[in-house]
Structure formats: structure tokens, C-alpha cells
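Visitor: Mind folding the following:
(chains A and B)
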Amino acid sequence: MTFVLERPGPAPGLSLACAVIPFQLVMMAVTNGMGSVQSRESIVLNTAFPRVLIPLAGALTETVAFAASLLLPALMMVVYGVEPTAAILWLPVVVAVNVLFAISVAYLASIVGLWFRELRAFMISFVRTLFFLAPGLVPLSEIGGRAYDLIRLNPLTGLFEAFRAVLLEGHRPAAWELVYPTVIALLLLVALLPVYRREQLHFAKVV
Amino acid sequence: MTGASITCTGLGVRFLFDRQNRVVSPQLARLRRRGDESWGIRGVTLSIDPGDSVALVGPSGAGKTTLLRALGGILPPDEGSLRVRGRVASLLSVDAGLTPVLTGRENAVLLGVLAGLTRHEARAALDDIRERTNLGEAFEHPVSSYSQGMRARLGFAVAVRSYPDLLLLDEVHEALDHDFRAIVEEFARTLVARGGIVVATGHDHSLLEHICRRALLLGGGAVTVDGAFSEVVREYVGESSPPRPAGIAER
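Guide: Numbering: from 1, shown residues only, chains lettered A, B, ... in the order given. Modelled structure (predicted):
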């Protein structure tokens, strides 16, 4: 941590927060999503309701905590003397993409949690690994060579860089930083929602 | 009159297992190597009309809970057809669908919304629910601190506040104390009198007798006897009683 915070470059702590905070939302969406149906066993066994809402409700609950955690970069901007620019108007868009991505992975995690319970620890470790396969500790501009192209394939990269653009660098995010995670999220939802809808009919059997 | 009714023809609910004997959904069964399968209920054909009160009796594993869950829309039919008309309120688990980390008040709002009330209606019902449950200050405490009886009271109070046409009870009322049982019985009688339907299971037949006029005896996932409560229970108790030793009969 000391290594990161004392790195040369503008506001390294703020740069790190721009990665950790969006990642935390994704991580919590996955962690809760994995057990989202099982943790609601009592209600699943007692009441008929649209269970397709379960991962959505979990991800939106985490979004409330995420919204509170946005105070941290605000505080860091004050500490580092980073003045907000007009680019901060893009923040709601960046947050919306982050939330959409978290919702999509919550559905993925929910299905994995139901079908492959033994993979729970692996899934969580995999998502943690994605943080280190994205420019979490250092910005993308400090990464070169082939790694630069490969890391851009990780949808978290766009999210981290979009937060940095808006909060740290004071310019609007590049289009790919928002479009790429959005497309991945939509693809996940299009692929998973029909599966989840069929699966939810049998939740009372498998919880 | 509520106009509630239940009709099912050849109703079956199947459980699929994988090689490790875990229950799996049909989608997962296609991905994994399948193990055995068993039918919770199969070939159930029955009709319950407005104003009927029906007890499901039979030994454990006979299919009573599975049938109740199918009637409540919680388990989908894998075979046959099922038609349920009217708003359903169900108490199918001892936890009554409550979320332990939430308070009684928060659970009441959540379950009210899931039962079909708007948020405004669910909130407006809180004072009435608090009074009905007689939980006092405990209404503001997490449900994890409640006894089973307190949970059943809260679940019941929320369920009836959604103005159901059908009430499904699965042994839950057996966790209630004497006074609250009387309230459940009174509600069941009122619901039936206005054309609603009550379907209840349990092993306390004297309690069921206060609620139900008709009974279905289940065995091996099928309805074996359908008739007046006292006759069906007599048949069930006669079936399940061990034969007396010849010497005792002679004496």
C-alpha cells in the first residue's frame, strides 16, 4: 500500500480509490449473488414472487453502500488538491455503467452459486484476480507493450479508467471505457436472463 | 364471495438428482450426469370449490408439503395441469418466509409487497399487523430474536392482511399458542364463509378438525382417499395403527 501511495504521479491514493471503489461494487455483487437464492430460502419456500428480482435487489442494495463510498474519492480530491472540472458531470454515467455491470455479474454469480456451489471460493478468487489483471494499482497509461492491449480486454479496465478520467484527470472518459463494459454487461444479461427465468421456477427444489 | 377455486388434473412434481444425490433443476440435469428421480406427487386430480376447507393428511413424505407448495405457485407442475383462482396467502415454513436480519416491521413491509400490496398499502397496514401479532416492542427487533411461535404469528398476521382468497397452512399453526390458534381458526372460518378456501396440513388432527370439513389422505405422492374429515382421518389412523396382538384382543 505504501508502495502505491508513495508512487510518483498525480494523487496516487485517488488513482487507487478510482479502481478500488468500482471494483468493490462488482466484488460485493458477486459475493452476495453467489448465495443470493440460498440466503432467501425461507421466503423462496413460502411465497410465490418474481424471483428474477433477487440478484437485482442484491446488487441495488450494494449500490447504496457504493454510493456512500463515493465520499472517499471526494475526500481524496480535497486532500490532494484536485479541483473538479466539468468532466465530473460524466460521473453519473460512469456510475450507471458500473451498476449495470455489477447487476449483470450478480446474475452470473447467482446461477454459478446454484449450479456449482463447490466453485464459490474459486469464483471469488477469480474476480479478485481480475482486479490485478486490470489497471487497479497503476493507471493504464503506465502499462506498455502487449500487456496494454490484453488488459484492455478486461471490462474492469474501462470502469477504472473512466473513474480516473472524471475524478482525477478532469476530462471526459474515452468512449471505449464506457461502451465496452456496457456491451459486456448487456451480453451477459441477454445470455443469462432466459436461463435464470427458467431456473427460478425450481428454486424451491434446489435451495 | 371471493370466487376462489383450485382445479388440478394429473398433477405431478418431480425431483431430479445428480450423481451426488443433490437435487438439481431440469436445466442443470441436462448439463450434469443425471442420477435418480423421484416424484413428490404424481397423478393428483382434485377440485376444491369456493367455501371448501381441506386438510391434507398422511404420513411424513406422503407429498402433503409438495402439494401445498404446488398449490401456492412455489413449485411448478412437471406433469398435468393446475389452475388456482384467487389471491393466495401461504404459511408453508416455520420461518413463515421471514428474513431473520430484518425487524418485524421491515419483514411486514417486505412480505406485504411480495403478497401483492403496494408499498403504501403495506406501510399503512403496519399498525394493524403490530396489534394483531401482539408482539409489542419485539415488532421493532430483528426476527432472529423471535421464537417460532412469534414468527408464525407475524407471518400469519401479514398473510391475512393481504386479503387472501386462499389460505395455505403447512403445520405452521401448530407452532402457535392457544390464543393465537383461536385467531387462526376464526379467520379460517370467516374466509370459508365468504367463499374462500383453506388448505392445511399437520399431524395435530384435533386442530385441523376445527379448521377443515374435508380431508385428502395422501400416500406415496398420490391422493388415496378424499372425503369428510372425520371419515378420512379415521381411515388414516386405522391404517397407520399397528395391529393389536391376538392375546390382547382376546382378553
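
Visitor: Please count neighbours and contacts with C-alpha atoms only from this point.
Guide: OK.

Visitor: What parts of the stretch 1-150 of chain B come near chain A?
Guide: Counting by C-alpha under 8 Å from any C-alpha of the partner chain, the residues of the stretch 1-150 of chain B close to chain A are B:15, B:23-25, B:27-28, B:69, B:72-76, B:89-93, B:95-99, B:114-115.

Visitor: Tell me who's in contact with the residue nearest to residue A:133 when sequence neighbours are not counted.
Guide: Nearest non-adjacent residue to residue A:133, counting by C-alpha to C-alpha, 6 or more residues apart in numbering or on different chains: residue A:151, 6.1 Å away. Applying C-alpha atoms under 8 Å, 6 or more residues apart in numbering or on different chains to residue A:151 gives the contacts A:133-135, A:157.

Visitor: for residue B:130, same thing?
Guide: Residue B:130 neighbours (C-alpha under 8 Å, 6+ apart): B:105, B:136, B:139.

Visitor: ok so, going back, return a ChimeraX selection command for the buried portion of the residues of the stretch 1-150 of chain B next to chain A.
Guide: In ChimeraX, this line selects whichever of the residues of the stretch 1-150 of chain B next to chain A come out buried by 16 or more other C-alpha atoms under 10 Å in any protein chain shown:
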select /B:15,23,24,25,28,69,72,73,74,75,76,89,90,91,92,93,95,96,97,98,99,114,115
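
Visitor: mind listing which of the residues of the stretch 1-150 of chain B next to chain A are in helices?
Guide: B:27-28, B:69, B:114 (DSSP state H).

Visitor: Give the rounded mean pLDDT of stretch A:184-204.
Guide: Averaging pLDDT along stretch A:184-204 yields 95.

Visitor: before we move on, what about stretch B:215-226?
Guide: 95.

Visitor: Which parts of chain B are helices?
Guide: According to DSSP H, the helices that chain B contains are B:26-31, B:64-71, B:104-114, B:119-124, B:126-133, B:148-161, B:178-193, B:205-211, B:229-240, B:246-250.

Visitor: Quickly, which of these bottoms out on average pLDDT?
Guide: Mean pLDDT per stretch puts helix B:246-250 lowest among the helices of chain B, at a mean of 43.

Visitor: returning to that earlier point: and the residue nearest to residue A:133, how far from residue A:140?
Guide: 8 Å (C-alpha to C-alpha, to the nearest Å).

Visitor: Taking chain A, what residue is nearest to chain B?
Guide: residue A:43 (3.8 Å; C-alpha to the nearest C-alpha).

Visitor: Those residues of chain A touching chain B, which are they?
Guide: A:40, A:42-49, A:115, A:198-199, A:201-202, A:204-206.

Visitor: So which of the residues you listed belong to strands?
Guide: Per DSSP state E, strands hold no members of those.

Visitor: Buried subset of those, written for PyMOL?
Guide: Buried residues among those (16+ other C-alpha under 10 Å), as a PyMOL selection:
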select buried, chain A and resi 40+42+43+44+45+46+47+48+49+115+199+201+202+204+205+206
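
Visitor: Between residue A:151 and residue A:140, which contacts overlap?
Guide: With C-alpha under 8 Å, 6+ apart as the test, residue A:151 and residue A:140 both reach residue A:157.

Visitor: Please name the nearest non-neighbouring residue to the residue of chain A closest to chain B.
Guide: residue B:97 (3.8 Å).

Visitor: show me what contacts the spatially most central residue of chain A?
Guide: Centroid check for chain A by C-alpha atoms, centre = their mean gives residue A:26 as the closest residue, at 2.8 Å. By C-alpha under 8 Å, 6+ apart, the contact list for residue A:26 reads A:98, A:101-102, A:105.

Visitor: Now, those residues that are in helices?
Guide: A:98, A:101-102, A:105.

Visitor: Any chance of the ones in helices among the residues of the stretch 1-150 of chain B next to chain A in a markdown table with distance to residue A:90 as columns?
Guide: Listed next are these as a markdown table, based on distance: C-alpha to C-alpha, whole Å:
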| residue | distance to residue A:90 |
| --- | --- |
| B:27 | 41 |
| B:28 | 42 |
| B:69 | 48 |
| B:114 | 36 |
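
Visitor: Identify the farthest-apart pair in those.
Guide: B:28 and B:114 (27.5 Å; C-alpha to C-alpha).

Visitor: Give me the neighbour count for the closest residue to residue A:97 other than its chain neighbours.
Guide: Among residues not flanking residue A:97 along the chain, residue A:182 sits closest, at 6.0 Å (C-alpha to C-alpha, 6+ apart). Counted with other C-alpha atoms under 10 Å in any protein chain shown, the neighbours of residue A:182 add up to 22.

Visitor: same thing with residue B:194?
Guide: Neighbours around residue B:194, by other C-alpha under 10 Å: 15.

Visitor: In chain B, which residue sits nearest chain A?
Guide: residue B:97 (3.8 Å).

Visitor: Look up how far residue A:45 lies from that residue.
Guide: Counting by C-alpha to C-alpha, the gap from residue B:97 to residue A:45 is 7 Å.

Visitor: residue contacts, residue A:24?
Guide: Contacts of residue A:24 by C-alpha under 8 Å, 6+ apart are residue A:66.

Visitor: so it sits in a helix?
Guide: Yes - counting by DSSP: H, G, I helix; E, B strand; the rest coil, residue A:24 is part of a helix.

Visitor: For residue B:25, see how far away it is.
Guide: According to C-alpha to C-alpha, residue A:24 and residue B:25 sit 31 Å apart.

Visitor: Same question for residue A:206.
Guide: 7 Å.

Visitor: check contacts around residue B:169.
Guide: B:90-92, B:198-201.

Visitor: same thing but at 7 Å, please
Guide: B:90-92, B:199-201 (C-alpha atoms under 7 Å, 6 or more residues apart in numbering or on different chains).

Visitor: Which residue, other than its chain neighbours, is closest to it?
Guide: residue B:200 (4.5 Å).

Visitor: cool, residue A:174 as well?
Guide: residue A:162 (7.3 Å).

Visitor: Can you say which of the contacts of residue B:130 are buried?
Guide: Buried, going by 16+ other C-alpha under 10 Å: B:105, B:139, out of those.

Visitor: Turn the contacts of residue B:130 into TSV, columns for distance to residue B:8.
Guide: Formatted as TSV, those follow (distance: C-alpha to C-alpha, whole Å):
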residue	distance to residue B:8
B:105	37
B:136	42
B:139	39
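
Visitor: which one of the contacts of residue B:130 is nearest residue A:13?
Guide: When the contacts of residue B:130 are ranked by distance to residue A:13 (C-alpha to C-alpha), residue B:105 comes first, at 41.8 Å.

Visitor: Since that was my last question, I'll sign off now.
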